[in-house]
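Undergrad: Sharing a sequence plus its predicted fold:
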Amino acid sequence: MMTMRAPLSDLPVMLQDVRMASGKVTILDSVSLTISPGAPTVLIGPNGSGKTTLLRVLMGLLTPTSGRVTWGGRENAPPERRAIVFQRPVMLRRSAEANVRYALGRDDPARIAELLALVGLSGLERRSARRLSGGEQQRLALARALARDPELLLLDEPAASLDPAATKAIEDTVRAVAARGVKVMMSTHDLGQAKRLAGDVVLLHRGRVIETGAASGFFANPRTDAARKFIAGELLV
Amino acid sequence: MTSGHSALELVLSADPALLAIVELSLLVSLSAVALAAMIGVPFGALIALTRFPGREAIIVILNALMGLPPVVVGLAVYLLLSRSGPLGEFGLLFTPGAMVVAQTILVAPIIAALSRQTIEDLWEEYRDELAAMNVGPTRRVATLIWDARFSLLTALLAGFGRAAAEVGAIIIVGGNIEGFTRTMTTAIALETSKGDLPLAVGLGIVLIAIVIVINALAWGMRRAGERYAG
Amino acid sequence: MNTRRTFIAAALGSLALGALLLATPPAIAQDKSIVVASTTSTQDSGLFGHILPIFTKKTGIAVKVVAQGTGQALDTGRRGDADVVFVHAKAQEEKFLAEGHGVKRFPVMYNDFVIIGPKADPAKIKGGKDVGAALKKIKDAKATFISRGDRSGTHSAELKLWKAAGIDIEKDKGDWYKSIGQGMGAALNTAQGSNGYVMSDRATWINFKNKGDLEIVVEGDSRLFNQYGVMLVNPQKHPNVKKAEGQAFIDWLVSAEGQKAIADYKINGQQLFFPNANDGNA
């Protein structure tokens, strides 16, 4: 008798007292966080605060030195329903559409065209992916991530080196994707971008979560001193 | 093969004995490269993608084996395949099969070492993305080998160059038998020792032409790789 | 680890496939063929190129000649890697028989050795008929002398001649005596390149194409006689030996037809080998 497996969800992702250390250096320190379905969560903080590491832990690419990570209540859940776009994504040595096809796992020209259109890369299907510009590669990486039909989409500084036009393209895609029910979590050091996109905000500093909360409340009335300084544009050391 | 021809005359006249020698040379070396690739590429990929105690030592040994002296390999294979040796019952000594065996042993470490380097380098690049896309071990290997195909083919061409150019191993295990195990390199050795230098030079011209073609192919391979795979 | 297992399986699979390919009988194998271990002089002189096609046409048996020095050829026979040995060092051949590796020795043909030297003739031996005296003059003049040094029939004959001249060459050799450990062609090349003297069989010398400044300086001494013998490798010791075909080759060599083929081989009208299978003392 065949049993139907109820589709397993990766959400909510829960970090419980996660610590990430490399030798003597502590990168993440007692991080406890819950990522639930809903509006995008934006991770902000100074450089070196551990944003990239946190996203990698959420993706499951790094195992914490101590503490627990669960996806939908499961430890060790393989990355079937979640995807990540790295800060410097690596293109496979193939054409743009071949990259998307690879992530998709099947040959579906209609879907591939759709995804490329979503990120604004229509017309560049046959181009060698490595020959694309930095912004185009970032968008292609996003198309790849979306090809996997994720529940949770993690983005590490997706517009860090992009011009405003390309940045807008990415932000529009993020909004569209979030509107369709994908939980987006992205890091940024651009406060404006955070304000534009965030539903929730997480402030990270020196590996610790300083403050979290709904974006509106966070920016209007930060509770902590560090948050206030950061929003004001001061250097958090 | 008639003497008294000038080297170029002989080459251009497509003397049938000369053609037979060239054909045998290509057959032996290509077979050796094919076998060496079947052994070397998976082995190189294995070393590239797994971690185990002693891995560094294996890599060093593999790189060192690229410099195996052909005469030493020839001697070892000779002793193995001799009728009074452990593998004598196959009757392979003094046959093209023995030459293929010897050249496979010479070429496999080259292909394995170069494959390992290529695949490991590409793996370093692709690692995070493939992990993020939940790519399993089999698909991972296939992806790496496919995306690195031009570099891997260059490794095969390097192996072929080594096989086509060597004489020390195949003259020992093949016996340089006329019409049977005489290749371009062994024929050059023989004709030189007989003092028939024009013929030796003619064969040398053909051999160098083949080496140039191989290198042209390797270059073309690299360019194709750059164009299609970035 | 899954990756490791996948790979080990793939690698073992490839090795197995490769082994399978090698173990199947090579498609290039001839139906009827024998391996004859012989000397470089019979090959380099072109004799085999002349007489073997006649034999193959008559019997359909292909003869695969592995040309090595006499010592190496006999060793090949000892290992059972040849069916027939055809060399020119009677003492070594008789030792081979005594060890049980050969069935019977048949004399086949003879030729002679000659002393080759540069036109300049530093040891002043040209035209001499006494090889012992010539060697002595070479040693006294410390003129460059190239030795095969490879346990070949020619090398054995050379050593015997030094001894007959009353010279202990192992003790008395100096920088002028160069032992190269290679075949006749290589020795002639070396002599040509270093303006030295060398002892060669006449047949290889006549067929040699890089004579340069070299010429025959001493010949005709009866001690320069060079006898060739052929033996079947003992099938009782080496069961893989192709007894029938090997014996057929030997029988043909000593037959009237084979002996005539040997006598017919000429370069520039000069006969190189003299058949003497009938000579009981050879």
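TA: Looks like it arrived, so ask away.
Undergrad: all contacts plus neighbour counts: C-alpha atoms, from now on.
TA: OK.
Undergrad: Give me the contacts around stretch B:31-41.
TA: Residues outside stretch B:31-41 that contact it (C-alpha atoms under 8 Å, 6 or more residues apart in numbering or on different chains): B:100-101, B:103-105, B:107-113, B:115-116, B:156, B:159-160, B:163, C:11, C:14-15, C:18.
Undergrad: let me fix that: stretch C:101-109
TA: By C-alpha under 8 Å, 6+ apart, stretch C:101-109 touches C:77-78, C:93-94, C:96-97, C:227-234, C:237, C:250, C:253-254, C:259, C:262, C:273-279, C:282.
Undergrad: As CSV, could you dump the C-alpha coordinates of it?
TA: Only the C-alpha atoms of stretch C:101-109 are listed here, as CSV (Å, rounded to 0.1, in the frame of the first residue of the first chain):
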residue,chain,number,x,y,z
HIS,C,101,66.8,-25.4,-23.0
GLY,C,102,67.5,-26.5,-26.6
VAL,C,103,66.8,-29.6,-28.5
LYS,C,104,69.6,-29.9,-31.0
ARG,C,105,72.1,-27.5,-32.6
PHE,C,106,72.2,-27.3,-36.4
PRO,C,107,75.0,-25.4,-38.1
VAL,C,108,73.5,-23.1,-40.8
MET,C,109,75.9,-20.7,-42.4
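Undergrad: List the buried residues for it?
TA: Neighbour counts over stretch C:101-109 (16 or more other C-alpha atoms under 10 Å in any protein chain shown) mark C:101, C:102, C:104, C:105, C:106, C:107, C:108, C:109 as buried.
Undergrad: Tell me which other helices or strands the helix or strand residue B:141 falls within touches.
TA: Element membership for residue B:141 (DSSP states H and E) is helix B:137-147. Under the contact criterion of 3 or more C-alpha pairs under 8 Å, 6 or more residues apart in numbering or on different chains; DSSP states H and E, helix B:137-147 touches helix B:96-132, helix C:2-23.
Undergrad: mean pLDDT lowest for which of the ones you listed?
TA: Ranked by mean pLDDT, the helices and strands packed on helix B:137-147 bottom out at helix C:2-23, which scores a mean of 56.
Undergrad: Can you name the residues in contact with the helix or strand where residue A:203 lies?
TA: Using DSSP H and E, residue A:203 sits within strand A:200-205. Residues outside strand A:200-205 that contact it (C-alpha under 8 Å, 6+ apart) are A:39-46, A:49-51, A:194, A:209-215, A:218, A:227, A:236.
Undergrad: how about 7 Å then?
TA: Residues from elsewhere that reach strand A:200-205 (C-alpha atoms under 7 Å, 6 or more residues apart in numbering or on different chains): A:40-46, A:49, A:51, A:209-215.
Undergrad: follow-up on the earlier one: CSV for the buried residues of stretch C:101-109, including secondary structure, pLDDT and distance to residue C:194?
TA: Listed next are these as CSV, based on DSSP: H, G, I helix; E, B strand; the rest coil; pLDDT from 0 to 100; distance: C-alpha to C-alpha, whole Å:
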residue, secondary structure, pLDDT, distance to residue C:194
C:101, coil, 96, 40
C:102, strand, 96, 40
C:104, strand, 95, 42
C:105, strand, 96, 38
C:106, strand, 96, 38
C:107, strand, 96, 36
C:108, strand, 96, 35
C:109, strand, 95, 32
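Undergrad: from the residues you listed, which is closest to chain A?
TA: Ranked by distance to chain A (C-alpha to the nearest C-alpha), those are led by residue C:101 at 64.0 Å.
Undergrad: Quick check: closest non-adjacent residue to the closest one.
TA: Among residues not flanking residue C:101 along the chain, residue C:234 sits closest, at 5.1 Å (C-alpha to C-alpha, 6 or more residues apart in numbering or on different chains).
Undergrad: Now the phi/psi pair for that neighbour, please.
TA: Backbone geometry at residue C:234, expressed as degrees, to the nearest 10, gives phi -60, psi 110.
Undergrad: neighbours of it, just the number please.
TA: When neighbours are counted by other C-alpha atoms under 10 Å in any protein chain shown, residue C:234 registers 23.
Undergrad: do residue A:125 as well
TA: 17.
Undergrad: Quick check, it in contact with residue A:97.
TA: Yes. Contact criterion C-alpha atoms under 7 Å: residue A:125 and residue A:97 qualify, at 4.8 Å.
Undergrad: rewinding a little: and the buried residues of stretch C:101-109, which two are the farthest apart?
TA: Largest separation among the buried residues of stretch C:101-109 by C-alpha to C-alpha: C:101 and C:109, giving 21.9 Å.
Undergrad: so what's residue C:215 up against?
TA: Counted by C-alpha under 7 Å, 6+ apart, residue C:215 has contacts C:116, C:117, C:118, C:119.
Undergrad: so how far does stretch C:233-253 reach from one end to the other?
TA: Stretch C:233-253 stretches 16 Å from its first residue to its last (C-alpha to C-alpha, to the nearest Å).
Undergrad: same deal with stretch A:125-135?
TA: The straight-line separation of the ends of stretch A:125-135 (C-alpha to C-alpha) is 15 Å.
Undergrad: ditto for stretch C:248-262
TA: End-to-end span of stretch C:248-262 (C-alpha to C-alpha): 16 Å.
Undergrad: List the contacts of it.
TA: In contact with stretch C:248-262 (C-alpha under 7 Å, 6+ apart) are residues C:51, C:108, C:230, C:273, C:275, C:277.
Undergrad: just the helices in chain A please.
TA: Using DSSP state H, the helices assigned to chain A run over residues A:51-59, A:96-104, A:109-118, A:134-147, A:164-179, A:191-197, A:215-220, A:225-231.
Undergrad: now the longest one and helix A:134-147, what's the angle there?
TA: Spelled out, it's helix A:164-179. 10 degrees (axes from the mean of the first three to the mean of the last three C-alpha atoms, to 10 degrees).
Undergrad: in helix A:164-179, what counts as buried?
TA: Applying 16+ other C-alpha under 10 Å to helix A:164-179 flags A:166, A:167, A:169, A:170, A:171, A:173, A:174, A:175, A:177, A:178 as buried.
Undergrad: Please write out the alpha-carbon positions of the strand holding residue A:203 in CSV.
TA: Output in CSV follows, covering the C-alpha atoms of strand A:200-205 (Å, rounded to 0.1, in the frame of the first residue of the first chain):
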residue,chain,number,x,y,z
ASP,A,200,10.8,42.2,9.5
VAL,A,201,14.2,43.4,10.4
VAL,A,202,17.0,41.5,12.2
LEU,A,203,20.0,43.6,13.3
LEU,A,204,23.2,41.6,13.7
HIS,A,205,26.4,43.0,15.3
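Undergrad: now it: how far from the chain's centre is it?
TA: Using C-alpha atoms, centre = their mean, to the nearest Å, the mean C-alpha position of strand A:200-205 is found 13 Å from that of the whole chain.
Undergrad: what mean pLDDT would you report for that strand?
TA: Rounded mean pLDDT across strand A:200-205 is 94.
Undergrad: how does the chain divide into domains?
TA: Since no chain was named, I'll use chain A. A:25-81+A:150-231, A:91-149 (automatic domain parsing).
Undergrad: that's the other chain; I wanted chain C
TA: C:33-111+C:227-275, C:112-224.
Undergrad: can you put those in a markdown table and add distance to residue B:30?
TA: Formatted as a markdown table, the domains of chain C follow (distance: least, C-alpha to C-alpha, whole Å):
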| stretch | distance to residue B:30 |
| --- | --- |
| domain C:33-111+C:227-275 | 24 |
| domain C:112-224 | 30 |
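Undergrad: returning to what we had before: quick one: which of the contacts of residue C:215 sit in helices?
TA: Among the contacts of residue C:215, none falls in helices (DSSP H).
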